[in-house]
Every structure is written in structure tokens, then in C-alpha cells.
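S.K.: Any chance you could fold what I've pasted below:
(one chain, ligands or ions: 1)
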Amino acid sequence: RTGRLRGLCLRHVSSTRQTSPIQRRYVNQFISRVQHDDQPALEQRQFRLAVKDNIATISPNPEEETPLTTTCGSNFLANYRSPFEATIVTQLRSRGALLVGKTNLDEFGMGSHSVHTAFGAVAQERGQQAVNKHSAGGSSGGSAVAVATGEADIALGTDTGGSVRLPAAYTGVVGFKSSYGMLSRYGVVPYANSLDTVGLLAKEVRPIAELILGVGADGKTKGLWAEHDPLDPTSLSPAARRRCASQRDCYHSGPLSKDPYLLKNLKFGLPLEYNITELSPSIRAAWSAAAAKLQSLGARLVPVSLPSTRHALSAYYVIAPAEASSNLAKYDGIRYGTRFTSPGESDAAAATEEGSEEAGEGILYARARAAGFGDEVKRRILLGAYTLSSAAMDNYFLKAQKVRRLVRRDFNRVFALSNPLLDKPESFELSELPETVGLEDKWGPTEVDFLLCPTAPTTAPKLEEVLSEEEKDPVSAYMNDVFTVPASLAGLPAISVPMRVKAREDKDEEGTGMAGLQLIGQYWDDARMLAVAEAVA
Ligand code: GLN
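M.R.: Have a look, this model is predicted:
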């Protein structure tokens, strides 16, 4: 035991950890298959793309003459037409995307069921009956439904704390969130900048992998992973991309043959803290079944501990609203966003209502924000303004930032690969480890390739139940994000693949029968994660 514990300390000050050559070969093969499987070259394909409505698209849509708005699901931007297009949309157009529509969402991305929108709740309908309507998850619910119903081949979403993965899980499609800084956010309306990422949804992993990793007819990478965007200050620089990829060494295409042994050399961690009491028994059963299946295919599965997980959700719901309250301050209805003057009333009349022009501006501001934002957005603004206030800052915002560092450190401790963003690997003092250290089985077999866990604690609830719960206890929906926010706080890549759950007496018979199995990888291990996700799905 002592040896193991000593090993634990030493391991983390050892030199940079790398992918094993064997795994590099498998992933290279996957990437070459992405390129070569009887498909026309990447640049000759076309696919239908749906875009979440917080991502800017120019108007009119070059494909049709329809004017495209970018509303963010908000009354404030109900008529907003962007003069420019988000980089990610332009990048996808140049790879064959035909834009088929914008998709509904929780206002500015704030929500978990796509019900907080100025344009009516998103629903997924199973069966003929209206009573069978289920939540599509949020906030990228519209994008998930577009893919699930076959209206789009690929949909763009944004994932700040799970908004691509949760809807993917609820609707039974694949939802991928890249490493933070990999995909450009230029033209994506910010919610919480330090957490926002762009994500892709599709029925299968393959089309997503093609866009992220694909190679063109000239043999050069056309993968989005390589594309730095100078217009997005959080987009990783070309030098940093090269450095990350050199540590991964699996972003280059290699030999062609298909290898069935990909999973044989992998070690998956099952995070013990994700086995919470709120986890639906049917999801727990499906999670164990998935683990058992992987084991039977030769992978190794080990329990791991991520002790800070239990504080991650609270930290997220301090940090995200704080950043949101700052981002949303610009919507004043005067210089920015829709004006909300009463019919017949001129701006000047409204602005001078109180006598002075300043007071009048204050009134316009208050009026615009009262009419422009929905209840959930107002709740977030209040939460964020409070936690950033001088009296509360130390107890909330700064504490949450500390938890965020601990969450990141938990991940760095369990992954076999080191985080390329760290100059030197972190070291851990035994005394810092929490009480669980006595259970050496939890701590011993770390250094896993991926974490394997459910995407959400339950299957999609009925829409009716969601709406009545929102009235009674609006904050209860935050619980749905418990398994997705840790990867967001740490900026790690994560993917949800469909996982079938058996209808059981625990109220699931009427459910959708679909849930999500989530893989979380080390930073910039997206390529390998996509390869593994395809094998796992
Ligand atoms: N449900 C989470 C929230 O409301 C996540 C949203 C997101 O990822 N955009 O903040």
C-alpha cells in the first residue's frame, strides 16, 4: 500500500506522459478510415447543417433567399440580423454544409430543457400522442431534435456546461464538445466566456470525426482541430496547437488497415462520485452493462475518484451566471437590442419621462430588460450580480474559482496523459488528498485513458413535468448538469453517445428508452476520444 501511495506522489512529478505507440497506431488508422472509407473527398461532400440560434449567420442565407435572424431565443434579439457570419459556420460551409435552418434554444443558452425561450418550448415527440412529449434537453434542444428527426445531418450547438451533451443524451444522438479553445467562438453569442465551447451533434460519431479530423484529397488535414481563428482571442494559437498535437501525436494520418483491437489497450475510469443516489436505476444498470461490454472487448475498467466533483455543480452555477451577468449588461434597449417603447410613445418622450435625460435612460434600460429577458435569464443576472458584489465575492466567486482549480486537478491526476497546457505536471501532497485516500483501490489504479460515465442522471423527463417543476422550483433543473459541468470547468473534450436503457418499473416505461454514455478525455485528446467513441457507440 505504501509503495502504491508513494507511486502516486512520484508519478505526478514524472516527465510528460504520452500516448503509447500502439494507441497512436490505432488512432492513426481511425483517422485514415475517416478519410478513405469509400467516401468522396471531404471537399466534394455536402450535408445539411442546422445551426443553434446563438451562432451568427448572415442574412440572407446564400442557399435560399430567406432572411436569417440570430435571436438567441430572446425577445431582445427577436429581429436581429447579423451582418457577419460565425467562423465555425463559414468553416463548415467550406466543407460542404448547406444551411437548412436555425434551431431553438434556451435563451442565451441558459437552461437544460429548452423551455426558457421566447419562441415556445422545444419538445421531442415519441409516438403519436401529444401526451408523449418529452424534454429535448437544453440548451441545444432544437439542434438535437433537428438531428434526431433527420431534418439535418449535422447540427451546431454550444456547450457551456453540457448543452450539447445533455440534449444528445435525451434524444438519442451523438453530442461532441471539443477541448476549450479548439473550435472558434467568433460569432457565437457569449454566455460564459471561460466555459463556452462549440459542439457538434449527429446521429453517429463518424460525420463529426470527419469534420474534426478529416483529410482532404490532397492528403492535407482539413480537420477543424487545426484551425486557429485570429478573430477569437480564446482560439488556441497555431504554435499551441502544434505543441498539443505533438504531445498527442495522433493527429496525423497513417496506415490504412482496420484494426479491431483498439479497445484492448485502453483503460477506462469509472468515477465513483458519479454514482449518486439521484442516478436512475435504469441508467445505473445501462452504465454497468456498457462497462461490462467494454471489458469483454478487452478494455480495462477501474474505479477512480474525482473528489471535487461534488462541489463542481455549485461552482459552475456561481461562475456561469457571474460571467453571464457581465455579458448581458450590454442589452440596454438603447444602443443594443430591441427598443421596448410603448406604442405611440417616442424614445424622446420615454427618455424624458422623469425630467432628466439620465433618469430617462435608466427607465428605458429597466423597461427594456424587463420586457426583453425571460425569467431564467433574469434569475441568472441577479445571481451573477450578487456573487460578484463586493460583499459576496469572497464567499462565492473566489471560492468557486478555487473549486474549479480542484476539479481540473482531479482530472489531471487520473488521466494517463498529461495536460499540455501545464508547463510542468502538477504534484500532489499526500496531506492534500481527502479522506478517501485510505481506500487504496480508489487511488491506486489511476492513469486512465478516458472516463466513462452517464451523461445525465435520468432519461428525458416529460415536458409537462418539466414545466410544472420549473414553476415550483426553477433551480431544480440545474441538477441535470451534474455529470456534464466537471468537464466544462476543466475545458476537457467530452462526448455523449446513445445508450439504450431498459424500461423498468422505476417510471421509465413511459420514457424515451434513451440515455447518454459520456466519455471524457484529457485536454486535446479529442482525436483519440472520437476514435474510441465510435468503437464504444
Ligand atoms: N444547463 C446549463 C446552464 O443552464 C448549461 C447550459 C449550456 O451548456 N449552455 O447553464
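S.K.: Residue ranges in this structure under the pLDDT threshold?
M.R.: Regions of the chain meeting the criterion pLDDT under 70 cover residues 1-43, 59-66, 126-131, 249-261, 341-359, 424-446, 503-510.
S.K.: What ranges does it have for its strands?
M.R.: Assigned by DSSP state E, the chain shows strands spanning 47-52, 97-103, 123-125, 133-135, 154-159, 174-177, 197-202, 267-271, 300-304, 450-454, 494-500, 514-521.
S.K.: Would you mind naming what in the stretch 301-450 of the chain lies close to the ligand?
M.R.: A320 (CB under 6 Å from any ligand atom). For glycine as for every other residue, the C-beta is placed from the backbone atoms N, C-alpha and C.
S.K.: so who does whatever residue of the stretch 301-450 of the chain ends up closest to the ligand touch?
M.R.: Nearest residue of the stretch 301-450 of the chain to the ligand: A320, at 5.0 Å (CB to the nearest ligand atom). A320 sits next to 160-161, 191-192, 195, 380 when contact means CB atoms under 8 Å, 6 or more residues apart in numbering.
S.K.: same question, R404
M.R.: 315, 319, 489-490.
S.K.: Equivalent analysis for V100, please.
M.R.: For V100, counting by CB under 8 Å, 6+ apart, the contacting residues are 48-50, 146, 151-152.
S.K.: re earlier: out of the contacts of A320, what pair is the most spread apart?
M.R.: L195 and R380 (13.2 Å; CB to CB).
S.K.: Span of stretch 74-87 from start to end?
M.R.: Distance across stretch 74-87, first residue to last, is 22 Å (CA to CA, to the nearest Å).
S.K.: now swap in stretch 142-156 and tell me
M.R.: Start and end residues of stretch 142-156 are separated by 10 Å (CA to CA).
S.K.: Give me the buried stretch members for that stretch, please.
M.R.: Using 16 or more other CB atoms under 10 Å as the test for burial, stretch 142-156 gives 142-148, 152-156.
S.K.: These in helices, which ones?
M.R.: 142-148 (DSSP state H).
S.K.: circling back: comparing the strands of the chain, which comes out most buried?
M.R.: Of all the strands of the chain, strand 174-177 has the most neighbours on average by mean count of other CB atoms under 10 Å, namely a mean of 32.
S.K.: hang on, the earlier thing: next step: the contacts of R404 restricted to helices.
M.R.: Those of those lying in helices (DSSP H): 315, 319, 489-490.
S.K.: With neighbour count as added columns, please give those in JSON lines.
M.R.: Formatted as JSON lines, the ones in helices among the contacts of R404 follow (neighbours: other CB atoms under 10 Å):
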{"residue": "A315", "neighbour count": "24"}
{"residue": "I319", "neighbour count": "26"}
{"residue": "L489", "neighbour count": "27"}
{"residue": "A490", "neighbour count": "25"}
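S.K.: need the buried residues of stretch 142-156 in CSV with distance to the ligand, can you?
M.R.: As requested, these are exported to CSV (distance: CB to the nearest ligand atom, whole Å):
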residue, distance to the ligand
G142, 13
S143, 12
A144, 13
V145, 16
A146, 17
V147, 17
A148, 18
A152, 19
D153, 23
I154, 19
A155, 14
L156, 13
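S.K.: Next, format the residues you listed as a markdown table and append distance to F373.
M.R.: Below are those laid out as a markdown table (distance: CB to CB, whole Å):
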| residue | distance to F373 |
| --- | --- |
| G142 | 19 |
| S143 | 22 |
| A144 | 24 |
| V145 | 24 |
| A146 | 25 |
| V147 | 29 |
| A148 | 29 |
| A152 | 28 |
| D153 | 34 |
| I154 | 30 |
| A155 | 25 |
| L156 | 24 |
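S.K.: any chance you could map the helices in the stretch 151-300 of the chain?
M.R.: Assigned by DSSP state H, counting those that start in this stretch, the stretch 151-300 of the chain shows helices spanning 165-171, 205-213, 238-248, 281-296.
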